[in-house]
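> Everything below, folded, please.
(chains A and B)
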Amino acid sequence: MKLIEVENLTKRFSGLVAVNNVDFYINEGEIFGLIGPNGSGKTVMFNTITGVYKSNGGKVVFNGEDITDLPPHVINEKGIGRTFQGSKVFLGLTPLQNVMVGRHCRTRSHLGSAIIRTPFTLEEERDTEEKAMHVIELVGMGLVERKDTPIKDLTYVMRSLTGIAIALATEPKIIFLDEPIAGMNPTEIVQSMELIKRIRDTGITVFLVEHNMKAIMGICERIMVLNMGYKIAEGTPQEISRNEEVIQAYLGRKYGAETK
Amino acid sequence: MLKAKKWPNYLIGSAVAGVAPLVFGLAGPFWVHELFLIAIFGIMAVSLNLILGYTGQGDLAHGVLFGFGGYTSGLLVMRLGVNFWVTIPIAGIAAVIVGFVVAYATLRLRGVYFALATFAFTELMLEAYINLRGITEGLEGLMPIPKPSIAGLTLGPQQTIIWVYIAIAFLLFTVFVTDRIVHSRVGRAFIAIRDDQDLAESAGINTFWYKMLSFCIATFFAGIAGALYASYHGMMSPGDCNIMFLFLIIVACVSGGLGTLLGPVLGAVFVIVVPELLRVAEVYYYLIFGGVLITITIFAPKGIMGVVTLLQNWLRAKVARQ
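Below is the predicted model of the structure:
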């Protein structure tokens, strides 16, 4: 079943067309990769689908429902979780508290019950912490031990993992990961790939943007390639790695010709 | 994030609040008056801290909304003979209604643009207070606002100590409510917006409405503080809520420690007491006060509360070693 269907999506910034008439779909339960050289429009694509940017044309259908240009928090509630490039997290909180923020749209306590501290709120708060802990345990990789350390004192990698955990805590049907392994060492990369598979095995579809070709080829079922805002290829990792246009986009015309 | 065993802290806080007026009373009636101001500034700083320190939005309308509460209560008591105690919540709600309109129009702006928009509103309201003479009586202000009474006792100038207890009770209430809010789902949303609004939005938080909520709660307490202040003084004028007043509230908030529960209370003590102590320096006292502020900003960027926390940790470590 198609979980996300994107039709003719276009995003312009004054003169520059960052995403140009792109069509694709993601099947439920797969790991779908998005690659492309710097400036090819990968992150813009993420931001346009998740409502951070308003599109200039086209349609995004999620789970049979048109979600084009809805506000980000509504799109999140419908079941799309995401991370940002550069490990965005809430710096004033601990990892556990960060992940608890992610429970926001799945909890209901409001101002009145927070002040009076009703039994419902107390119960919900306990539940929030418990579910946040489950997510942190699923992520693993040392985050459990550091769950109460102020995030200012944690490494880039720990922040990245916290960002993923926040997105997971929102109980998404699909998670968008924007370069999750940037800045990681080879061991951490291997662990992260395991993590992405674990996430998929819990029933969450994965949409992955990556620069690291080797990593993405290893775990994605299907890959789409963007270049200068255009979709230039789509297919299995084998098909992509043999695709003439992709090789040219990454390595230049000269090398593209030589591989023949 | 809920800390269950907090009642000992509340007990200590109430005890301090109960004894403080007596101690200040020994120092003379002037200091009792100063303590009343500390409590009012405390309510203002603690509530401003909710929107400024916890939600990260530069609200520069806090002072004139305090004024709006003061004028609302004063006018109701003076012109319509409404019971003062009834006007306290009305003043809070009236301030929220005006605040809501302003915030709705401006909270889509971010950072310094929001601050500037609210500052423009402050200027506009101050001009209105000065020039709508038919209602506000201009620069001279509303005067005299009749004194309220409790159980047949009129709270005139002789009953300052009762006023102090009333103001402190409201301060404790403000601190209590703030404490409950910041340690809840709602407070987490505020902090998330402060730390990263884009991420908060993508993590499912309706950032606009949560900023509105934070602004309105802060404004409610500002309105209440305005009502108390106007009734205590028996007057309300534009000078009571001008830009200097706003500035001192912000200083109380920042010097005490943004995003800490009790920092703004300590900050309120600081902005009221220190200038008084510096009066011996005559004309130079604001100069020295400024110097003290700069020193705090440089050496204690997390405010007085940051220093208190450092001392606490140091003491704890020392006790642990022994």
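> Not counting its neighbours along the chain, what's nearest residue 42?
No chain was given, so I picked chain A. Nearest non-adjacent residue to A:Lys42, counting by Cβ to Cβ, 6 or more residues apart in numbering or on different chains: A:Val209, 4.7 Å away. From N, CA and C alone the C-beta is placed, and that goes for glycine too.
> actually chain B
Closest to B:Gly42 by Cβ to Cβ, 6+ apart is B:Ala268, at 4.1 Å.
> tell me the contacts of A:Pro180?
A:Pro180 sits next to A:83, A:160, A:164, A:192, A:196, A:208, A:210 when contact means Cβ atoms under 8 Å, 6 or more residues apart in numbering or on different chains.
> packing partners for the helix or strand where the third one lies?
It refers to A:Ile164. Using DSSP states H and E, A:Ile164 sits within helix A:156-169. When contacts are defined as 3 or more Cβ pairs under 8 Å, 6 or more residues apart in numbering or on different chains; DSSP states H and E, helix A:156-169 sits against strand A:80-82, helix A:95-102, helix A:119-139, strand A:174-178, helix A:186-201.
> B:Gly187 should be in a helix, yeah?
Yes. Residue state for B:Gly187 (DSSP: H, G, I helix; E, B strand; the rest coil) corresponds to a helix.
> Check whether it really touches B:Ile181, as I assumed.
Yes. Shown here, B:Gly187 and B:Ile181 form a contact pair, counting by Cβ atoms under 8 Å, at 5.0 Å.
> so what sits against both of the two?
A:Ala114.
> which phi and psi does A:Thr10 have?
Main-chain dihedrals, A:Thr10, degrees, to the nearest 10: phi -130, psi 140.
> Distance check, it against A:Ile75.
Separation of A:Thr10 from A:Ile75 (Cβ to Cβ, to the nearest Å): 18 Å.
> Tell me which of those two has more neighbours.
Using other Cβ atoms under 10 Å in any protein chain shown as the criterion, A:Thr10 and A:Ile75 rank with A:Ile75 on top: 24 against 16.
> Show me which residues of the stretch 101-250 of chain B are close to chain A?
B:177, B:180-181, B:184-189, B:191-192, B:194-196, B:198-207, B:213, B:217 (Cβ under 8 Å from any Cβ of the partner chain).
> Let's see that with 10 Å instead.
For the stretch 101-250 of chain B, the residues in contact with chain A (Cβ under 10 Å from any Cβ of the partner chain) are B:176-189, B:191-196, B:198-210, B:213, B:216-217.
> Filter those down to the buried ones.
Buried members of those, scored by 16 or more other Cβ atoms under 10 Å in any protein chain shown, are B:177-189, B:191-196, B:199-208, B:210, B:213, B:216-217.
> Where does the prediction get shaky in chain A?
Within chain A, the segments meeting pLDDT under 70 span A:253-260.
> again, only this time at 50
In the predicted model of chain A, residues A:257-260 satisfy pLDDT under 50.
> domain ranges for it?
A:1-79+A:173-260, A:86-171 (automatic domain parsing).
> residues contacting A:Lys197?
Contacts for A:Lys197 (Cβ atoms under 10 Å, 6 or more residues apart in numbering or on different chains) come out as A:31, A:206, A:218-219.
> Filter these down to just the ones in strands.
Of these, the ones assigned to strands by DSSP state E are A:31, A:206.
> nearest to chain B, of the contacts of A:Lys197?
When the contacts of A:Lys197 are ranked by distance to chain B (Cβ to the nearest Cβ), A:Val206 comes first, at 16.5 Å.
> Just confirm the closest one contacts A:Ile26, I think it does.
Yes. Under the criterion of Cβ atoms under 10 Å, A:Val206 makes contact with A:Ile26 at 8.9 Å.
> any common contacting residues for the two?
Common neighbours of A:Val206 and A:Ile26, using Cβ under 10 Å, 6+ apart, are A:32, A:174, A:221.
> Output those residues as JSON lines; include the columns distance to chain B.
Listed next are the shared contacts of A:Val206 and A:Ile26 as JSON lines, based on distance: Cβ to the nearest Cβ, whole Å:
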{"residue": "A:Phe32", "distance to chain B": "19"}
{"residue": "A:Ile174", "distance to chain B": "13"}
{"residue": "A:Glu221", "distance to chain B": "25"}
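> Can I have the buried ones of the residues you listed as a PyMOL selection?
A single PyMOL command suffices to select whichever of the shared contacts of A:Val206 and A:Ile26 are buried according to 16+ other Cβ under 10 Å:
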select buried, chain A and resi 32+174
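> now A:Glu133: how far from chain B?
Quick fix: residue A:133 reads Met, not Glu. Using Cβ to the nearest Cβ, to the nearest Å, A:Met133 is found at 13 Å from chain B.
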